[in-house]
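> Here is a sequence with its predicted model. Questions after.
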Amino acid sequence: MADDLAPAASLQAWWGMHQEIDTLIITPRDMGRIDAAAAASGLASYGLMERAGQAVAAAALRRFPGAHRFVVLCGPGNNGGDGYVAARALEAAGAEVAVHALGDPSALRGDAAIALRHFGGAPRALAEYGPRPGDVVVDALFGAGLSRDLPDEAVQVVEAVRRHALPVLAVDLPSGIDGRTGEVRGAAFEAVATVTFMCRKPGHLLLPGRTLSGDVEVFDIGIPGRILAVHAGHVRVNTPYVWRLAEPQQTGATHKYVRGHLAVFSGPATATGAARLSAAAGLRAGAGLVTVLSPTDALFANAARLTGVMLKDVDGEADLAALLEDERLKTFVLGPGFGDAGRARAYAGLIAAKGRRLVLDADGISAFRDTPDALFGLFAGGDTRLVLTPHDGEFARLFPDLAGDGTLSKIDRAQKAAARSHAAVILKGADTVIAAPDGRALVNENAPPWLATAGSGDVLAGIVGAHLTQGMPAFEAAASAVWRHGEAGSIAGKGLTAEDLPEAIPPWPAA
Ligand SMILES: NC(=O)C1=CN([C@@H]2O[C@H](COP(=O)(O)OP(=O)(O)OC[C@H]3O[C@@H](n4cnc5c(N)ncnc54)[C@H](OP(=O)(O)O)[C@@H]3O)[C@@H](O)[C@H]2O)[C@@H](O)CC1
Ligand SMILES: Nc1ncnc2c1ncn2[C@@H]1O[C@H](COP(=O)(O)OP(=O)(O)O)[C@@H](O)[C@H]1O
Ligand SMILES: [K+]
């Protein structure tokens, strides 16, 4: 996907400020380009392999001091080459080492053939490997070059290693994980740890690859940062480094209207809690004022439970149209607990027509399941004013073709959805991806699993709304909201309920 986008000069400049190597996520294809560029610049490619293999051996010795035997499984490409270097280094350190190769080692080419020659031993066939207690498996079968499902021979070894519960140290990626998508191709090792080189790949961050990679160590094998930067696409890890320059500034002249007014639509009398969760989160996340806009039948239910948040009777399009005359009301959250699909569509239309910003979540998203293009048309043109916050199910309602396309990674899906909808898209999950219409995308990694609790998404929508109403650009507002939501989950801790989250939203990290 990244390649289909011709980055505008401004976008290149934007990423130019965000080239911290720690935040780069590089696809296997771009990594191939980086290798080629490194070689073209005069860097000896075998030197890169040598450093890679040495780093793997060092990690193996450090992590598994009690290993009886290191079993290095080597594949037919450069991943296997790294394995031969590691095997030689482990032997040199005095460890017991067994090497098994997939395919005919004499067919190895290039750097991998050199690595085998330096190793000097004769690898045994993969099928001859018999797991023993005390074995530590160094998985160098396939890395970035995996291009199809694992061959049967490799699947059998994966299964045998799992049956014997042997620890696995993966080289670059656990074999079987697709580095571009994080998906399992047929079968995959489950690694205790993975040693990768220069930067993480999507497969280390997207599920299930994230889980199967274990601890990921990123080792610098000496490719210059300038070469990485030139060939890095538009994908980064969601860290404050990426959006800190867009954080709202608090100055002495700040007053509550400068900090922005956020409005959250409530559902009917029987479904008001979700909107209050969003509203409470919005206030805590920095909106100067927050108002719950409630249908008449739900006013008492809301009034009984609101303090810092204000309440207003909005029961239909005429009421909303009148309210939109107040220019200070800049941002709306529509969807949590909302229920009424027809009304949700009408409200979104009015908000768009008046040039306001909208966080569309939950029922607000589902309301457009039959007419997604109508939604996307509402917010086309100009600055990005719409943030969509779907989980996978809601995503499939608006973008059924993208959801059903098994060739796309979660990053690809979010990027394509953002471009189509003219929205910043937060595609939620344990590996939430945030994407902008211009192709930028971030993968989030700070959310603890106990954040998966009813109402947690409502809190996120409120935080996004608070950031938007303080004037942050949509993509940065969305990304920083996902990050603060994740931090709140860690601060509130295991066993949290969504009610605990607003209180736990942390201050902005120091810029
Ligand atoms: N800069 C860096 O990061 C550096 C990276 N380095 C290392 O290089 C690794 C990438 O090497 P790589 O490109 O040779 O790919 P790799 O994963 O070894 O596999 C390719 C081979 O497997 C084959 N093949 C693929 N799928 C298959 C299947 N299902 N079943 C059977 N065969 C299959 C494929 O055959 P083909 O598809 O061409 O038929 C080809 O022969 C990278 O992960 C890292 O460890 C370091 O050495 C130095 C610097
Ligand atoms: N396993 C997980 N680990 C971390 N965060 C998760 C996990 N599962 C879900 N989340 C997060 O929890 C939130 C759930 O939101 P959502 O699916 O809308 O639920 P709800 O509608 O109950 O609020 C999202 O922010 C999502 O990214
Ligand atoms: K591997």
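Noted; the coordinates are in hand. Ligands and ions are numbered 1, 2, ... in the order given.
> Next, Ala193: phi, psi?
phi -150, psi 160 (degrees, to the nearest 10).
> actually Asp139, sorry about that
Torsion angles at Asp139 (phi, psi; degrees, to the nearest 10) stand at phi -90, psi 100.
> Pairing partners for it in the sheet, please.
Counting by DSSP bridges, Asp139 is bridged to Leu73, Ala170.
> Now do Ala436 against ligand 1, distance only.
Ala436 sits 27 Å away from ligand 1, going by C-beta to the nearest ligand atom, to the nearest Å. All C-beta spots, glycine's among them, are computed from the backbone N, C-alpha and C.
> Hmm, that residue is touching Thr384, no?
Yes. Counting by C-beta atoms under 8 Å, Ala436 sits close enough to Thr384 to count as a contact (6.8 Å).
> In this structure Leu324 contacts Arg356, no?
Yes. At 7.0 Å, Leu324 counts as touching Arg356 under the criterion of C-beta under 8 Å.
> and the closest residue to ligand 3 within the stretch 201-350 of the chain, how many neighbours does it have?
Residue of the stretch 201-350 of the chain nearest ligand 3, by C-beta to the ion: Ser213 (10.1 Å). Neighbourhood size, Ser213 [other C-beta atoms under 10 Å]: 27.
> Setting the sequence-adjacent residues aside, check what's closest to it.
The shortest distance from Ser213 to any non-neighbouring residue, by C-beta to C-beta, 6 or more residues apart in numbering, is to Thr194 (4.4 Å).
> what helix or strand is that neighbour on?
Per DSSP states H and E, Thr194 falls inside strand 193-197.
> Can you pull up the residues of this protein that come close to ligand 3?
Proximity of the chain to ligand 3 is confined to Asp139, Gly143, Ala170, Val171, Ser175 under the rule C-beta under 5 Å from the ion.
> quick one: the strand or helix carrying Glu159 near ligand 1?
In the assignment (DSSP H and E), Glu159 maps to helix 152-163. No. Helix 152-163 lies apart from ligand 1 when judged by C-beta under 6 Å from any ligand atom; the minimum separation is 7.2 Å.
> Buried residues, that helix. List them.
Of the residues in helix 152-163, Ala154, Val155, Val157, Val158, Val161 count as buried by neighbour count, 16 or more other C-beta atoms under 10 Å.
> burial measure for Ala44, as a count.
12.
> Contact residues of this structure facing ligand 2?
Residues of the chain lying near ligand 2 by C-beta under 6 Å from any ligand atom: 362, 391, 428-430, 432, 447, 449, 451-452, 454-458, 460, 485.
> Could you list which of those belong to helices?
Among the residues of the chain next to ligand 2, the members found in helices (DSSP state H) are Ala362, Ser456, Gly457, Asp458, Leu460, His485.
> which one is the residue in the stretch 251-400 of the chain positioned nearest to ligand 1 nearest to, not counting chain neighbours?
Using C-beta to the nearest ligand atom, the closest approach of the stretch 251-400 of the chain to ligand 1 is made by Asp392 at 27.1 Å. Nearest residue to Asp392 in three dimensions, chain neighbours excluded: Gly429, at 6.5 Å (C-beta to C-beta, 6+ apart).
> likewise Pro151?
Leu102 (7.3 Å).
> And for that neighbour, the neighbour number?
Residues contacting Leu102 under the criterion other C-beta under 10 Å number 24.
> show me the contacts for Gly455.
Listed by C-beta atoms under 8 Å, 6 or more residues apart in numbering, the contact set of Gly455 reads Gly273, Ala274, Leu277, Thr497, Ala498, Glu499.
> Now which of the residues you listed would you call buried?
Of the members of the contacts of Gly455, the ones counted as buried by neighbours, 16+ other C-beta under 10 Å, are Gly273, Ala274, Leu277, Ala498.
> Contacts for stretch 341-351, please.
Contacts with stretch 341-351, where a contact means C-beta under 8 Å, 6+ apart, come from 265, 316-317, 320-321, 324, 332, 334-335, 338, 358, 360, 363-364, 366-368, 371, 374-375, 378.
> Looking at the record's assignment, how would you partition the protein?
28-231, 240-246+254-504 (automatic domain parsing).
> Name the member of the residues of the chain next to ligand 3 that has the highest neighbour count.
Val171 (35 neighbours).
> Which stretches in the stretch 151-300 of the chain count as strands?
Counting by DSSP state E, counting those that start in this stretch, the stretch 151-300 of the chain has strands at residues 168-171, 193-197, 215-219, 235-237, 261-265, 289-294.
> what about dumping the CA coordinates of the last one to PDB?
What follows is strand 289-294 as a C-alpha-only set of coordinates in PDB (Å, rounded to 0.1, in the frame of the first residue of the first chain):
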ATOM      1  CA  LEU A 289     -16.400  21.900  28.600                       C
ATOM      2  CA  VAL A 290     -18.400  18.800  27.800                       C
ATOM      3  CA  THR A 291     -22.100  18.600  27.200                       C
ATOM      4  CA  VAL A 292     -24.200  15.500  26.900                       C
ATOM      5  CA  LEU A 293     -26.900  16.000  24.300                       C
ATOM      6  CA  SER A 294     -29.900  13.900  25.500                       C
END
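> Describe which strands it pairs with in its sheet and in which direction.
Short version: by DSSP bridges, strand 289-294 pairs with strand 261-265 (parallel), strand 310-313 (parallel).
> can you put those strands in TSV and add mean neighbour count?
Shown next, in TSV, are the strands paired with strand 289-294 (neighbours: other C-beta atoms under 10 Å):
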stretch	mean neighbour count
strand 261-265	29
strand 310-313	16
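> Can you give me the neighbour number for the closest residue to Thr469 other than its chain neighbours?
Setting aside the residues directly before and after it, Thr469 is nearest to Gly260 in space (C-beta to C-beta, 6+ apart), at 3.3 Å. A count of neighbours around Gly260, defined by other C-beta under 10 Å, yields 26.
> Test my guess that Gly260 contacts Thr331.
Yes. In terms of C-beta under 8 Å, Gly260 counts as a neighbour of Thr331; the distance is 6.7 Å.
> Could you name every residue contacting both of the two?
Ala287, Leu468, Thr469.
> quick one, phi psi at the closest residue to Arg236 other than its chain neighbours?
What sits nearest to Arg236 in space, not counting adjacent residues and going by C-beta to C-beta, 6+ apart, is Thr23, at 4.5 Å. Main-chain torsions, Thr23, degrees, to the nearest 10: phi -100, psi -10.
> Same check on the one 4 residues further on?
Phi and psi for Thr27, reported as degrees, to the nearest 10, are phi -70, psi 160.
> could you measure the closest residue to it other than its chain neighbours against Ala430, distance?
Residue nearest to Thr27 in three dimensions, not counting chain neighbours: Arg180, with 5.3 Å by C-beta to C-beta, 6+ apart. Computed as C-beta to C-beta, to the nearest Å, the Arg180 to Ala430 distance reads 19 Å.
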